[in-house]
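**Student:** sharing a model that was predicted from the sequence below.
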Amino acid sequence: MILYNVTINIEKEVEEEWKAWMKEVHIPDVMATGMFQDKKFYKLLHETEDGGINYCVQYFAAKMEDVQQYHAQHAPRLQAEVQKHFKDRFVVFRSLLELVD
């Protein structure tokens, strides 16, 4: 199992709009690619020094090839949509993790 983790620091002023857009549009669009089996959406509970709010979206893939295919075929378009709607209002950090049995 591969976890594609996306951590976002979003400006407080657009938090509610962004959160609704993520739940109604972006996360369903990512899942519609068929590259991920499941997802989780979390709000981090600690405050940041810059006043932003942190969220984490976790997408679960069966194998690394699914994540690679997502990045090659879908990520540029979907990430561009986030930029279009929330340009300069967020910072994102992405990481890949592999389940250790």
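**Tutor:** That came through fine.
**Student:** now do the buried residues in the helix ranked longest in the chain.
**Tutor:** Across the chain, the helix with the greatest residue count (assigned by DSSP state H) is helix 75-86. For helix 75-86, the neighbour count (16 or more other C-beta atoms under 10 Å) marks 75, 82, 85, 86 as buried. (Each C-beta comes from the backbone N, C-alpha and C, glycine too.)
**Student:** just checking: what are the partner strands of the very next helix or strand once past it?
**Tutor:** Later in the chain than helix 75-86, the nearest helix or strand by DSSP states H and E is strand 90-98. Its sheet considered, strand 90-98 pairs with strand 2-10 (antiparallel) by DSSP bridges.
**Student:** that older thread, which strands or helices does the longest helix of the chain pack on?
**Tutor:** Here helix 75-86 touches helix 15-21, helix 27-32, going by 3 or more C-beta pairs under 8 Å, 6 or more residues apart in numbering; DSSP states H and E.
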